[in-house]
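In: Task: produce atomic coordinates for the following.
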Amino acid sequence: MSVDTVSTPHRLSCAPSRAARELGLRRGELDLAVHLGHIQTVPDEGGGGRRVPRSEIDRLCAHEGFPESLRERVKAVGTTEGAAVMEVPPGRFTRLAHLGLVVPVTFYLNRYRAVVWQYLAEELRQFAADEKNTRLLTARMPEGLRDQLDAGLDLRARNWRGRHLGFLLRQAGDPWEQAGAVAAFLDPLQIAEIVPDPYERSHLNRFRPGPPAHGAPGSPAAHLAERIMTADDPDEIGWLRADLARALEEAREHRPAPRPATKSRPAPPSIPATKSRPTPPSIPATKPVPGAAHRRSPVPEEPQPRPPRKLLGWLRRGNPRPGRPGQGSESACRTLNRPTRP
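Out: I've put the predicted structure just below:
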């Protein structure tokens, strides 16, 4: 199973590094040839980037003058060498580049983090050979162009972005990839204004390529490359926004952006109606009796001790009742001698 699905396609295509060796090119020259459309590539089914078909390598090798002819087509030169190709002073060549008359094809950062623009030697020879450009190469610069240069016009970065956008659109095989290619040159704030939906914006960013690799991610060189990649001219931003809006309409018609599945919440279980409990009858309030609040409940009195009989109590105490002398003993004797009734 793995031999049929993985090994067979890889036998029909080559990795870019191997294709560069077989074509006699450096890796940078191979990438530039792909950007210019001189070499066709196919996406890797395993998700490992793009690959060069074996048939494309055979076609290039069959050309007359290979590999020198292919190498000349992708030769890139800097300012000094480019001025020598056009047979003009380096200062004039720089002014022509600022005016956008010659378009850079790539750039790199030197050790001082200065941007070094490179141009196709073949295009410079064609520009110099055109008779319409003879005055620009030999005579004084026209006044209108001088005014633009004095105002600080520099179209090198903008022209490179336009050229790089064309390369990205050629590589795009899907409407969402085309929209991502246009979005690659806009600031994230600009994209948020055009694509307010967060799910759609997240899907678009999946197809938004980054700038060419320069330095480690987050390094000053990487930040500088990102700044070159981002459009800063109002006119350029305007037509990029319009192109992105149009590309998004085509992408939505082709395939809407995926969204998370909404989880349907189960309906709460129905609670059976319970019989209402009968309310207890209300007890009628009794009318207050006048003066009842001032009445006190009777308090039981403590039992009083019964007084003992006079004679027995007196005898028990043994204390004579105070009186006349001799009266007490005489009355007592009469009491004891009284006969009892049967």
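In: rest of the way, CA atoms for contacts and neighbours
Out: Noted.
In: Which parts of the protein are strands?
Out: For the chain, strands defined by DSSP state E occupy the ranges 13-14, 42-43, 50-53, 76-77, 106-109, 115-120.
In: Look at Arg246 and say how many residues are nearby.
Out: 12 (other CA atoms under 10 Å).
In: who's in contact with it?
Out: By CA atoms under 8 Å, 6 or more residues apart in numbering, no residues touch Arg246.
In: and it, how far is that from Arg140?
Out: In this view, Arg246 and Arg140 are 43 Å apart by CA to CA, to the nearest Å.
In: measure Tyr108 to Tyr119 for me?
Out: If you measure Tyr108 against Tyr119 using CA to CA, the figure is 12 Å.
In: Figure out which of the strands of the chain is closest to Ala172.
Out: Checking those against Ala172 by CA to CA gives strand 42-43 as the closest, at 10.5 Å.
In: Not counting its own residues, what contacts that closest one?
Out: In contact with strand 42-43 (CA under 8 Å, 6+ apart) are residues 49-53.
In: Quick check: of these, which has the highest neighbour count?
Out: Val52 (24 neighbours).
In: Now that one: closest residue in space, sequence neighbours ignored.
Out: For Val52, ignoring the flanking residues on the chain, the nearest one in space by CA to CA, 6 or more residues apart in numbering is Thr41 at 4.7 Å.
In: try Arg95
Out: Leu149 (7.5 Å).
In: can you tell me which residues contact the one you found?
Out: Shown in contact with Leu149 (CA under 8 Å, 6+ apart): 95, 98-99.
In: Pick the one among the residues you listed closest to Ile228.
Out: Among the contacts of Leu149, His98 lies closest to Ile228 (CA to CA), at 14.9 Å.
In: Could you report the neighbour count for that closest one?
Out: Neighbour count for His98, taken as other CA under 10 Å: 20.
In: That one contacts Asp150, correct?
Out: No. Using CA atoms under 8 Å, His98 and Asp150 do not qualify as a contacting pair, with a distance of 11.0 Å.
In: low-scoring pLDDT stretches of the stretch 51-200 of the chain, where are they?
Out: Counting by pLDDT under 70, the stretch 51-200 of the chain shows no low-confidence range.
In: any chance you could map the helices in it?
Out: Taking DSSP state H, counting those that start in this stretch as the test, the helices found in the stretch 51-200 of the chain are 54-61, 68-73, 79-86, 90-98, 121-129, 134-138, 143-150, 156-171, 175-183, 188-194, 198-206.
In: Ala231 is nearest to which of the ones you listed?
Out: helix 156-171 (7.2 Å).
In: What is that closest one packed up against?
Out: If contacts are counted by 3 or more CA pairs under 8 Å, 6 or more residues apart in numbering; DSSP states H and E, helix 156-171 sits against helix 27-36, helix 175-183, helix 220-229.
In: Run the chain-centre distance for the last one.
Out: Going back to what we said before, that points to helix 220-229. Relative to the centre of its chain, helix 220-229 is centred 21 Å away, using CA atoms, centre = their mean, to the nearest Å.
In: can you state the direction angle for it and helix 156-171?
Out: Angle, helix 220-229 to helix 156-171, by axes from the mean of the first three to the mean of the last three CA atoms, to 10 degrees: 80 degrees.
In: buried set for helix 220-229?
Out: Within helix 220-229, the residues that qualify as buried are 221-226, 228-229, counting by 16 or more other CA atoms under 10 Å.
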